[in-house]
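Asker: The sequence isn't on hand, but the structure is:
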């Protein structure tokens, strides 16, 4: 069984009969697959210290916010622009440089721990080391919540 389509100009096309629906776009008939519904609820992450879960998308936004804050901290510590325009003093800039170095060292340690925990749960340790390096304990907590087998 074939599906016959005809564009407004009168040209005919023969295509196999598949679960497609027709969509008019720009004067011609186009085919687009119907979205498959898996029926699964989006995964969520339980926040530490409080009994509340948030969606993975919200958690991703939190990770992006943390990354942007870290980039702003690095910029304030090492660019010299912030002290030059008077937003922070040079003493504060030197203190921020020490804070950034501490954060880098701490995130490196957390990245190694995250990679080890990921390997124990059959997850990719390299990717999780990178996440641990960027996001610190947020990445470690995310890995620790996952069950063995990458669930």
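Answerer: That came through fine. Everything numeric in this text was worked out from a predicted model, so none of it was measured.

Asker: I'd guess residue 50 is in a helix, am I close?
Answerer: No: assessed with DSSP: H, G, I helix; E, B strand; the rest coil, residue 50 is coil; it does not lie in a helix.

Asker: ok, it - contacts?
Answerer: By CB atoms under 8 Å, 6 or more residues apart in numbering, no residues touch residue 50. Every C-beta, even on glycine, is put in place using the N, C-alpha and C of the backbone.

Asker: So for it, what's the pLDDT?
Answerer: We note a pLDDT of 73 for residue 50 in this prediction.

Asker: Phi first, then psi, for residue 62.
Answerer: phi -60, psi -40 (degrees, to the nearest 10).

Asker: I'd like to know how far it sits from residue 105.
Answerer: Taking CB to CB, to the nearest Å as the measure, residue 62 falls 23 Å from residue 105.

Asker: So which of the two has more stuff around it?
Answerer: residue 62 (15 against 10; other CB atoms under 10 Å).

Asker: how close does the nearest residue to the more buried one once chain neighbours are set aside get to residue 88?
Answerer: Excluding the flanking residues, the one nearest residue 62 by CB to CB, 6 or more residues apart in numbering is residue 138, at 7.2 Å. Going from residue 138 to residue 88 by CB to CB gives 26 Å.

Asker: Which one of those two is surrounded by more residues?
Answerer: It is residue 138, of residue 138 and residue 88, that has more neighbours when counted by other CB under 10 Å, with 19 against 16.

Asker: Report the rounded mean pLDDT for stretch 92-103.
Answerer: Averaging pLDDT along stretch 92-103 yields 95.

Asker: what are the ranges of the helices in this structure?
Answerer: 56-78, 81-84, 90-120, 125-135, 137-145 (DSSP state H).

Asker: Which of those sits closest to residue 48?
Answerer: The closest of these to residue 48 is helix 137-145. By CB to CB, the value is 6.2 Å.

Asker: who touches residue 116 in this structure?
Answerer: Contacts of residue 116 (CB under 8 Å, 6+ apart): residue 125.

Asker: Could you give the number of residues near the nearest residue to residue 134 once chain neighbours are set aside?
Answerer: Nearest-residue entry for residue 134: residue 67, 6.1 Å, with adjacent residues in sequence omitted and distances by CB to CB, 6+ apart. Other residues lying near residue 67 total 13 when counted by other CB under 10 Å.
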